[in-house]
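Participant: Return a 3D structure for these sequence lines:
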Amino acid sequence: METDILTIKEVAEYLRITEKTAYRLASERKIPAFKVGGSWRFRKSEIDAWIDEDARKRNNGNKTT
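Facilitator: Presented below is the predicted three-dimensional model:
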């Protein structure tokens, strides 16, 4: 069963970061996340949107006119 909800381990694998980094980003609210019973969870669609938004910000900041 495929789900849109990822665990800390799954989001770390998806982003190719360590679980420790994923915990830090979530606790600092730098990545979209929510807690269920004390465990972090992530919506894959929100992670994808976060990646896209970050890329847009970076590209807009690097444009020269």
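Participant: name the element A26 belongs to?
Facilitator: helix 19-27 (DSSP states H and E).
Participant: Give me the distance from that helix to the chain's centre.
Facilitator: Its chain's C-alpha centre and that of helix 19-27 lie 9 Å apart, by CA atoms, centre = their mean, to the nearest Å.
Participant: Likewise for stretch 27-46?
Facilitator: Distance, centroid of stretch 27-46 to centroid of chain: 8 Å (CA atoms, centre = their mean).
Participant: residues making contact with that stretch?
Facilitator: Stretch 27-46 is contacted from outside by 4-8, 10-11, 14, 22-23, 25-26, 47, 49-50, using CB atoms under 8 Å, 6 or more residues apart in numbering. Where C-beta positions appear, they are placed from N, C-alpha and C, glycine not excepted.
Participant: and these, which of them are in strands?
Facilitator: I5, L6, T7 (DSSP state E).
Participant: Filter those residues down to the buried ones.
Facilitator: L6 (16 or more other CB atoms under 10 Å).
Participant: Check the ones in strands among the contacts of stretch 27-46 against A55 and report the nearest one.
Facilitator: L6 (19.6 Å; CB to CB).
Participant: Can you get me a residue count around the closest residue to that closest one other than its chain neighbours?
Facilitator: Nearest in space to L6, with sequence neighbours left out and distances taken as CB to CB, 6 or more residues apart in numbering, is F42 at 4.5 Å. Here the count is done by other CB atoms under 10 Å, and F42 has 25 residues near it.
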